[in-house]
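S.K.: quick check, what structure comes out for this input:
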Amino acid sequence: MDIQVLGAHNCESQNSKFISLVIDDILAIDAGGLTSSLSFPAQQKLKAILLTHQHYDHIRDVPAIAMNFSLRSSTINIYSAQSVYNALSTHLLNGELYPKFLEQPQGKPTVKFTIIEPGKIEQIEGYSILAVKVNHNVPTVGYQVTSPDGKSVFYTGDTGPGLDCWEYVSPQLLITEVTAPDRYEEFAKEAGHLTPSLLKQELTNFRELKGYLPQVVGVHMNPDLEREIEAEIAAVAKALNNSINLAYEGMKLHL
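M.R.: Now for the predicted structure:
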C-alpha cells in the first residue's frame, strides 16, 4: 500500500494545502488539496473519494474534480455520511455555485454518491473500508482502509479527545490530526481537535487496549504553529518510545 499526502494542513498558502490523501493512486480520502496536487491524468486514475465530514478544508476540491470528470465523460464515486451529501448538494453542487453533479440526469452520472454507514465494513475498489465515528464539532468519521494483502491504515479525520473507536481498528499506520500546540488545549477540546498532549493520552489508551502502537503520522497542523507542534510531538514520541512524525505536502508512505 502506497500513501501520498497531497495536503497536510488546515490552512492554505503557496507552501501548504488543505488535507487530502491518496492510496495506491486510486483511492482518495478527503478532498481539500486534491485537484491542485494532481495532474489531469492522475485525477482520472481516481476511482473513489472518502470524505470524513463537510468542513470546507476537507471537501473544497469536490466541485473541481467533478467538473474535470464531467468534461471527460467519466464518473467519480464519493462515499460519506448523509450530512456531507446534504452540504454538497445544498451549498456547493447546487446549480448556482456549480452544476448539480450529484444528480443523475439521463446518461452517465458524473458523481455517484453512496452513503456509508459507520461500523459496517464496505468493499470499495478492492479495499475493506471501515468508517468509525470520531469526536468533532460536526458529524465526522475516520476511515480504516485495509488492502487485499492485509496492510491497514487508519485516518482519524478531524477529532478531539475521548476516542472510543480504538477497539474497532488495528492499523499498522495511524494518520491523525494534531491541529495546535498544547497551549491551545482548551480551544482544541471545544472545537474537537487534538494537541500533542491530548494525542499522547489517546495513544496511551490505544496501547493499553491493543498492546502495541502503530507508526503515527500527524496532519491538519496550523502552519503558523507547526514548529511548536513539532517540538511537542517529538517529546511525545520520546515518552512513548514510538515513531511519530508530522506529514508534509508530497510525503510518501509505504506499507
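S.K.: quick one: low-confidence ranges for the stretch 51-200 of the chain?
M.R.: For the stretch 51-200 of the chain, the stretches with pLDDT under 70 are 104-107.
S.K.: so Asp158 touches Thr52, yeah?
M.R.: Yes - the pair Asp158 and Thr52 qualifies as a contact (C-beta atoms under 8 Å) at a distance of 6.8 Å. (Each C-beta comes from the backbone N, C-alpha and C, glycine too.)
S.K.: which neighbours do those two have in common?
M.R.: 58, 140 (C-beta atoms under 8 Å, 6 or more residues apart in numbering).
S.K.: what packs against the helix or strand encompassing Ile65?
M.R.: Using DSSP states H and E, Ile65 falls within helix 62-71. Helix 62-71 is packed against helix 40-45, strand 76-80, strand 111-115, with contacts defined by 3 or more C-beta pairs under 8 Å, 6 or more residues apart in numbering; DSSP states H and E.
S.K.: hang on, Ala188 packs against Asp158?
M.R.: No - using C-beta under 8 Å, Ala188 is not in contact with Asp158; the gap is 10.6 Å.
S.K.: so which of the two has more stuff around it?
M.R.: Asp158 (27 against 23; other C-beta atoms under 10 Å).
S.K.: and that one, how far from Ile19?
M.R.: Computed as C-beta to C-beta, to the nearest Å, the Asp158 to Ile19 distance reads 8 Å.
S.K.: so what sits against both of the two?
M.R.: 58, 220.
S.K.: ranges for the helices of the protein?
M.R.: Applying DSSP state H to the chain gives helices spanning 40-45, 56-59, 62-71, 82-87, 185-191, 196-210, 226-240.
S.K.: dump the C-alpha coordinates for the last one into CSV.
M.R.: I take that to be helix 226-240. Coordinates of each C-alpha in helix 226-240 appear next as CSV, following Å, rounded to 0.1, in the frame of the first residue of the first chain:
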residue,chain,number,x,y,z
GLU,A,226,3.9,23.9,13.2
ARG,A,227,7.3,24.3,14.7
GLU,A,228,5.8,24.4,18.2
ILE,A,229,3.7,21.4,17.4
GLU,A,230,6.7,19.5,16.0
ALA,A,231,8.8,20.1,19.2
GLU,A,232,5.9,18.9,21.4
ILE,A,233,5.3,15.8,19.1
ALA,A,234,9.0,14.9,19.4
ALA,A,235,8.7,14.9,23.2
VAL,A,236,5.6,12.7,22.9
ALA,A,237,7.4,10.3,20.6
LYS,A,238,10.3,10.0,23.0
ALA,A,239,8.0,9.5,26.0
LEU,A,240,6.1,6.7,24.2
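S.K.: now do Ala119 against Ala131, distance only.
M.R.: To be clear, residue 119 is Gly; Ala isn't right here. Taking C-beta to C-beta, one finds Gly119 at 7 Å from Ala131.
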